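Participant: sequence and predicted model, in that order:
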Amino acid sequence: MINNKVILITGGTGSFGNELVKYLLKFYKPKKIIIFSRDEYKQDIMRSNFTSKQNKIIRYLLGDVRDLERLKMAMRGVHVVVHAAALKQVPAAEYNPMEFVKTNVHGAENVVLASLQQNVKKIIALSTDKAANPINLYGSTKLASDKIFIAANKITGSNKNKFSIVRYGNVIGSRGSVVPLFLKNIKEKKKFLPITDERMTRFWFTLGQSVKFVIESLHMMNGGEIFIPKIPSIKIIDLAKAMAPSLRLKKIGIRPGEKLHELMCPKESSMNTIEFKNFFIIFSAQTNINDKIKEFNKSIKQKAKKVAENFEYNSFLNPQYLSVEEIKKLHKSLNLI
């Protein structure tokens, strides 16, 4: 599925794209990896992070997912697309809504249309917990993107292209997240750490885990699935204690469009959700869940079951939390402490 195949990554110069390329080159033998992004400087930096031998496999194409014709050209001969391009800063979305719509919604539509025209066999898009019952503009655009991808499975015709989604929560240390903010305060020897609300919880996921789960989902996907990993939660106050136990906490209030707790499986989707040992899958409302359980039990040899009616998977009710010491240990392994 990956060996000797051509893989295109939209938004490929980001932290996820860099990590995904490293993973593919280490564990697989792709024929070609195409980085499709709009920033020439980031492409140059990325190129310098790989050896000349590795760069013979990697191609760097300038382009924007807003540009359908450029996407069509980029996808010629491509077997797999990983759609990672997005605008994602929650506060920025509230003040620049149309820019987020152009990239996250129209961009998703363009990826679908180009993939269909060039007959790409597998297309998987990265989503976010904020797409589940969204209360902000960013989450709303990603929900629309998810809907576009899932619906695309109905218009593939005889080509049987497969479109699926991977949804997960915070990637530790990603741009705009709380960890870089805390590190900045610690480095500048501030006397406090700013927190939005003492009750706040978040799912906690490493970059490496996110890449591995996307690859696993690529192998499992049959088209129409939203794959959701089971991952631990943290309390924001425990994160502060782990990173700077001697600093006091200063409450600054929740930012525009921010949630107190994160949600990945809304109860409204419980009738269309199945559970495995380490992940969930949400299907569209038109799906026969019993048929899907049989299908996945056979294809991946894991036992699946329906979740209970009104089941909800959120960071507050999550049965798995990281302790302060576990957060310290994890962050140390990531060189964040």
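Facilitator: Sure, I can see it.
Participant: what's near enough to touch D67?
Facilitator: Shown in contact with D67 (C-beta atoms under 8 Å, 6 or more residues apart in numbering): N110. Just so you know, the C-beta spots here come from the backbone N, C-alpha and C atoms, and that holds for glycine as well.
Participant: can you pull the phi/psi pair for it?
Facilitator: When read as degrees, to the nearest 10, the backbone of D67 gives phi -100, psi 100.
Participant: any idea how far it is from L113?
Facilitator: 12 Å (C-beta to C-beta, to the nearest Å).
Participant: which residue is nearest the centroid of the protein?
Facilitator: Central residue of the chain (C-alpha atoms, centre = their mean): L126, 3.8 Å from the mean position.
Participant: pull the number of nearby residues for the closest residue to that residue other than its chain neighbours.
Facilitator: The shortest distance from L126 to any residue other than its chain neighbours is 5.0 Å, reached at A84 (C-beta to C-beta, 6 or more residues apart in numbering). By other C-beta atoms under 10 Å, the residues close to A84 number 22.
Participant: quick one on the thing from earlier: per-residue pLDDT, the residue nearest to the centre of the chain?
Facilitator: Model confidence at L126, expressed as pLDDT, equals 98.
Participant: residue contacts, it?
Facilitator: Going by C-beta under 8 Å, 6+ apart, the list of residues near L126 reads 16, 82-84, 86, 165-166, 214.
Participant: from these, which land in strands?
Facilitator: Among the contacts of L126, DSSP state E puts 82-83, 165-166 in strands.
Participant: and the residues you listed, which two are furthest apart?
Facilitator: Farthest apart among the ones in strands among the contacts of L126 by C-beta to C-beta are V82 and I165. That separation is 11.6 Å.
Participant: got any residues that touch both of those two?
Facilitator: Common contacts of V82 and I165, defined by C-beta under 8 Å, 6+ apart, comprise 124-126.
Participant: which stretches of the stretch 151-300 of the chain have low pLDDT?
Facilitator: 175-176 (pLDDT under 70).
Participant: those helices in it, which residues are they?
Facilitator: 178-187, 207-220, 236-243, 289-299 (DSSP state H, counting those that start in this stretch).
Participant: and the angle for the shortest one with helix 178-187?
Facilitator: Between the axis of helix 236-243 and that of helix 178-187 there is an angle of 40 degrees, by axes from the mean of the first three to the mean of the last three C-alpha atoms, to 10 degrees.
Participant: likewise for the second one?
Facilitator: Direction vectors for helix 207-220 and helix 178-187, defined by the same axes, to 10 degrees, enclose an angle of 170 degrees.
Participant: any chance you could list what contacts helix 207-220?
Facilitator: Under the criterion C-beta under 8 Å, 6+ apart, residues 1-2, 15-16, 19-20, 23, 80, 82, 122, 124, 126, 164, 166, 168, 171-174, 225, 227, 229, 231, 279, 296, 299-300 lie in contact with helix 207-220.
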